[in-house]
Structure formats: C-alpha cells, structure tokens
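Asks: Got a predicted structure plus its sequence, pasted below:
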Amino acid sequence: MRRFKKEKWFRRLVDGISYSLGLLFIYAAASKLLEYDRFVVTIGQSAMLTPYAGLLAWLVPVAELVLVVLLVFEKFRLPGLLASFSLMVMFTAYIFIVLYLMREQPCGCGGVLEKLGWEAHLMFNIGFVVLAGIGVALQHTVISNRRENPAGLNETKKAIKTSS
C-alpha cells in the first residue's frame, strides 16, 4: 500500500511539473509569436545569434509548442521532460553568457519576464531547470515501477483490498 501511495504522489508531482513547464512554454511561445518582429530584432541584437535570427524566430516558439504537446500526453512525457530540461539549460546558458560574458546586453524577453531583468531571469530559469530535472527523475521512477509491476495500479489496488 505504501508503494502505491508513493507512486501516486510521484505521478501527481510529475503532472504538476509537466503542466507548469507546459504553461511556461505556451506563454513564451505566444509572446514570441505575438511580438514576432520584436523577437527577431531582439535575437538580432545578440552577436552570436544574428546569423540565425530568422530561423530561430520560428524554430524556438514551434519547439516550445511541440514540447507542450509532449508534456501533456503521458506516453510522451519522459521525452518531453528531457527536451524541456535541455531547452531550459540552453536558455539558461544563453542568459548566463549575455549577463556575464557579453559587453552589451540585448533587450530582454517580452511579456512579464522583461520586467524581471537579466539576473532575476537567470534565477527564474535555473528554477525551471531544477524543476524539469526533478520531473525527469520522478518520471523515470514511475516508469521503472510500472515495469516492475506490469499489471498496473489496478492489480495493486485489488491486492490491497483482498488483503484487508
């Protein structure tokens, strides 16, 4: 019974993490697409991204929306969490480079994150990197438990009821 409660708690936590990441990516993609011209200019202000500004302006929001789909469906959740972790690490590395290694900082992101400033944005991203990493670890645990108990939770529930 204890294992059942633990797995149920892990699943709920993974759901919460997945939906939080999904909301973040929906918001980010929508703000990039709604202010597309501004987003292209912002990317173009970064010397290391200027050659790829046109491509990235479409690729990033599309990737974020694809991640939302992966995160919503449990069957694709682990790849979605892994890709979310990877994308958030890349975004965080970019912010770190802009903040600490570049002479001039381009304009910030659109929407609410623009008001944070670069340092707060870095902390925000680090928080989501950690959250995505926890999600990956917990989803691995859930999948491993499912493999050990292929009959699923319904069989576990039946066993608990009959032993009571």
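Replies: Great, that's in hand.
Asks: in which helix or strand would I find the residue nearest to the spatial centre of the chain?
Replies: In the chain, the residue lying closest to the centroid (CA atoms, centre = their mean) is Ser84, at 3.6 Å. Ser84 is part of helix 77-100, with elements assigned from DSSP states H and E.
Asks: what comes up buried for that helix?
Replies: For helix 77-100, the neighbour count (16 or more other CB atoms under 10 Å) marks 77-78, 80-85, 87-89, 91-92, 95, 98 as buried. In this view, the C-beta of every residue, glycine as well, is placed from N, C-alpha and C.
Asks: Pull up the gap between the nearest residue to Phe76 once chain neighbours are set aside and Thr50, please.
Replies: Residue nearest to Phe76 in three dimensions, not counting chain neighbours: Leu70, with 4.4 Å by CB to CB, 6 or more residues apart in numbering. Per CB to CB, to the nearest Å, Leu70 is found 30 Å from Thr50.
Asks: Pick out whichever of these two has more residues nearby.
Replies: Neighbour totals were compared for Leu70 and Thr50, and Leu70 leads with 21 against 12 (other CB atoms under 10 Å).
Asks: Could you check the angle the helix or strand hosting the more buried one makes with helix 77-100?
Replies: Assigned by DSSP H and E, Leu70 belongs to helix 53-72. Using axes from the mean of the first three to the mean of the last three CA atoms, to 10 degrees, the inter-axis angle of helix 53-72 relative to helix 77-100 is 140 degrees.
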